[in-house]
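[1] Below are the sequence and a predicted model; questions follow.
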Amino acid sequence: MRRLLTLLVVLPGPVLAEAFERPVPQGETGAAAVSYALAAVGLVVTLAAAQWLISRR
């Protein structure tokens, strides 16, 4: 009886488990491209402002 109980507890796990399905990569959206471009422009503007402030010293 003890072996049967152990088998009933251990056996269903691998049998009922679903196989892993990899997610399909999505293409870049237009909104992502625009936000990336704005972030890049903001970075360049910030670096230029920092350079201007440092050169004034």
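    On my side now, so go ahead.

[2] Can you get me a residue count around Q26?
    For Q26, the neighbour count with other C-beta atoms under 10 Å is 7. For glycine as for every other residue, the C-beta is placed from the backbone atoms N, C-alpha and C.

[3] For it, give me phi and psi.
    For Q26, the backbone dihedrals (degrees, to the nearest 10) come out as phi -100, psi 150.

[4] And for L4, the neighbour number?
    L4, neighbours per other C-beta under 10 Å, totals 8.

[5] so where's the protein shaky on pLDDT?
    Scanning the chain with the threshold set as pLDDT under 70 gives 7, 11-17, 57.

[6] Name the helix or strand for the spatially most central residue of it, please.
    By C-alpha atoms, centre = their mean, the chain has its centre lying nearest to P25, at 11.0 Å. Following DSSP states H and E, there is no helix or strand that holds P25.

[7] so how far is V41 from it?
    27 Å (C-beta to C-beta, to the nearest Å).

[8] For the chain, which segments count as helices?
    2-10, 12-16, 30-56 (DSSP state H).

[9] So what's the gap between the last one and the chain middle?
    Which is helix 30-56. Chain-centre distance of helix 30-56: 24 Å, with C-alpha atoms, centre = their mean, to the nearest Å.

[10] Renumber starting at 153 from here on
    Taking 153 as the first residue, the last one we looked at is helix 182-208.

[11] Show me which positions of it end up buried.
    Buried residues in helix 182-208, counting neighbours by 16 or more other C-beta atoms under 10 Å, are absent.

[12] Could you measure from the residue nearest to the centre of the chain over to A191?
    Taking C-beta to C-beta, one finds P177 at 21 Å from A191.

[13] Phi first, then psi, for R174.
    Taking degrees, to the nearest 10 as the convention, R174 sits at phi -70, psi 140.

[14] Can you read off the backbone torsions of F172?
    phi -70, psi 130.

[15] Report the separation between it and L190.
    36 Å.

[16] Ok, A183 next?
    For A183, the distance to L190 - C-beta to C-beta - is 11 Å.

[17] same thing with A171?
    41 Å.

[18] again with T198
    12 Å.
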